[in-house]
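>>> Compute the structure for the input listed below.
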Amino acid sequence: MAGWGLNPAVDGNKPFWLSAEEKAACYATPSGWAIRQPSGNEEILVAIRGLSGLLAGANLTSVFFDATSYTAGATGNVIFAFDEAVSVAAGTTTIKVDYDGITAGEITTSTPAVAVTGETNQVAFPFTVPSTGTIDTTAGGSITTPGSGYTDGAAVAVTISGGTGSGCTATASIGQGSTPTGEVGSLTITDGGVGFPFGAVLTITEGSNNDARFTVSKVGGDLGLDIADFLEINEPTLPDVTDASADVIATIADTTPTVAEGNLSAAWQASQTHGAFAPTSTGVDGANATFSMNTDGAGLPTVALVAGGNGFGVGETIVLTDPGTSTSTCTLTVATLEGGAVLGSNADIADSAKIGGGGSGTYAAITLAVTA
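Predicted structure coming up:
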């Protein structure tokens, strides 16, 4: 069984032995499966002539955050990896990142998709984590001033105020254990509220007592990206991203070769019509192109492109041999290639979608911590 696939209808074609991270950097080229090394050099892992053309449109193969966690106010990227090289055009496409540390619950990526430096098969959606958010309920901060005169108890209801935030509620451990009577020893955040910045010094109030202080050391919780929701909204394509493997012949330079021009060896069988037939030879990577041909009474051919094939480059030469009774040949030159093809259906992405985060299974919802 081969260790890779060739089915253009699915996304699981990359070499199976690669790790999830290596698969994200692997892509199809006219020469086979390739990966970009840290040096910037492209390495062919599996040589398959015309591979990028065989796979048709580029398929989305994984989606991931570019870090394992982010601090409040930090910038980050959601990375989309495809199984072929892609191009990013100027556009307006953005995505939404779920964030449980703000009331709105979503961050719209700050700019449309951009190319990822050094990775020809990836695009990025930049975003900025809000600098204020919900106080973390498990490690949100610490008592920096214990105050005095508070009512002793293991879970005394208190109010939290100050800074730019609101809505935080908590219970306090007061005068317990080694903590002196009337002093606040610790807080249990029951509702983290919204709009609190990292480092904010908040007032703890209980009755008329309000001289204890709590300093926020962690806001926010998790960033999330639900892959199923993304595909449901955006299938089948991202409008600003196209398959960059423009290796399909669009036009040839001269469709009426002659002996005088040097691109016809001799006259072909006269007055003939031939449907689609394959070239005798092509360049290094070109394949699967076909041509039709008519000859006039003098045996001069007029050639027409039937199928553009794949793996071709501009300037590449293609040799056709007369399908009739002569053995004469003509040489064609590729003039232009088709523009980037549309993306594939993106109907499914594999478990590699969860690179760098939690979640499991196809259509995984990736979640990452926001740490401070």
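>>> What segments of the stretch 201-350 of the chain are helices?
For the stretch 201-350 of the chain, helices defined by DSSP state H, counting those that start in this stretch occupy the ranges 227-234.
>>> just checking, T327 touches L320?
No: in this structure T327 lies outside contact range of L320 using CB atoms under 8 Å: 11.8 Å. Glycine gets a C-beta too; all of them are placed from N, C-alpha and C.
>>> what about those two, which has more around it?
Using other CB atoms under 10 Å as the criterion, T327 and L320 rank with L320 on top: 23 against 10.
>>> Can you give me every residue that contacts the more buried one?
Applying CB atoms under 8 Å, 6 or more residues apart in numbering to L320 gives the contacts F277, P279, T280, F291, M293, V303, T329, C330, T331, L332.
>>> Just among these, which is most surrounded?
Busiest of those [other CB under 10 Å] is C330, holding 27 neighbours.
>>> Next, the buried residues of stretch 123-136.
Residues of stretch 123-136 classed as buried: V123, A124, F125, P126, F127, V129, P130, T132, G133, T134, I135, D136 (neighbour count, 16 or more other CB atoms under 10 Å).
>>> Please name the residues that touch the most centrally placed residue in the chain.
Closest residue to the average C-alpha location of the chain: F80 at 0.4 Å, with CA atoms, centre = their mean. For F80, the contact set (CB under 8 Å, 6+ apart) comprises L60, S62, V63, A113, Q122, V123, A124, F125, L238, V241.
>>> Format these as a markdown table; extra columns: pLDDT and secondary structure.
Output for the contacts of F80, formatted as a markdown table (pLDDT from 0 to 100; DSSP: H, G, I helix; E, B strand; the rest coil):
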| residue | pLDDT | secondary structure |
| --- | --- | --- |
| L60 | 76 | strand |
| S62 | 75 | strand |
| V63 | 76 | strand |
| A113 | 68 | coil |
| Q122 | 84 | strand |
| V123 | 82 | strand |
| A124 | 82 | strand |
| F125 | 80 | strand |
| L238 | 63 | coil |
| V241 | 70 | strand |
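>>> quick one: which of the residues you listed is nearest G192?
Compare each of the contacts of F80 with G192 using CB to CB and the shortest gap goes to F125, at 26.9 Å.
>>> With S131 as the reference, measure out to that closest one.
To S131, F125 is 20 Å away according to CB to CB, to the nearest Å.
>>> Which residue, neighbours along the chain excluded, lies closest to T215?
Counting by CB to CB, 6 or more residues apart in numbering, T144 is the residue found nearest to T215 once chain neighbours are left out, at 4.5 Å.
>>> Most neighbours among the contacts of F80, please name it.
In these, the most neighbours by other CB under 10 Å go to L60, 29 neighbours.
>>> what mean pLDDT does stretch 337-346 have?
Across stretch 337-346, the average pLDDT comes to 57.
>>> right, I mislabeled it, should have said stretch 127-134
79.
>>> Figure out the length between the terminal residues of it.
By CA to CA, to the nearest Å, the extent of stretch 127-134 from end to end equals 18 Å.
>>> Off-centre distance for that stretch?
22 Å (CA atoms, centre = their mean, to the nearest Å).
>>> Over to stretch 305-319?
30 Å.
>>> repeat for stretch 207-223
The chain centroid and the centroid of stretch 207-223 are separated by 37 Å under CA atoms, centre = their mean.
>>> and what of stretch 274-287?
On CA atoms, centre = their mean, the centre of stretch 274-287 falls 35 Å from that of its chain.
>>> hang on, the earlier thing: in JSON lines: the buried residues of stretch 123-136, plus distance to R213 and secondary structure.
Conversion of these to JSON lines gives the following (distance: CB to CB, whole Å; DSSP: H, G, I helix; E, B strand; the rest coil):
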{"residue": "V123", "distance to R213": "46", "secondary structure": "strand"}
{"residue": "A124", "distance to R213": "41", "secondary structure": "strand"}
{"residue": "F125", "distance to R213": "39", "secondary structure": "strand"}
{"residue": "P126", "distance to R213": "36", "secondary structure": "strand"}
{"residue": "F127", "distance to R213": "33", "secondary structure": "strand"}
{"residue": "V129", "distance to R213": "26", "secondary structure": "coil"}
{"residue": "P130", "distance to R213": "24", "secondary structure": "coil"}
{"residue": "T132", "distance to R213": "19", "secondary structure": "strand"}
{"residue": "G133", "distance to R213": "20", "secondary structure": "strand"}
{"residue": "T134", "distance to R213": "19", "secondary structure": "coil"}
{"residue": "I135", "distance to R213": "14", "secondary structure": "strand"}
{"residue": "D136", "distance to R213": "18", "secondary structure": "coil"}
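>>> Please tabulate these in JSON lines, including the columns distance to E316.
Formatted as JSON lines, those follow (distance: CB to CB, whole Å):
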{"residue": "V123", "distance to E316": "29"}
{"residue": "A124", "distance to E316": "33"}
{"residue": "F125", "distance to E316": "36"}
{"residue": "P126", "distance to E316": "38"}
{"residue": "F127", "distance to E316": "42"}
{"residue": "V129", "distance to E316": "48"}
{"residue": "P130", "distance to E316": "52"}
{"residue": "T132", "distance to E316": "57"}
{"residue": "G133", "distance to E316": "56"}
{"residue": "T134", "distance to E316": "59"}
{"residue": "I135", "distance to E316": "63"}
{"residue": "D136", "distance to E316": "60"}
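>>> Determine which two of those residues are furthest apart.
V123 and I135 (34.7 Å).
>>> coming back round to it: tell me which residues of the helix or strand hosting the residue nearest to the centre of the chain are tucked away?
Per DSSP states H and E: F80 is located in strand 75-82. For strand 75-82, burial by neighbour count (16+ other CB under 10 Å) applies to G76, N77, V78, I79, F80, A81, F82.
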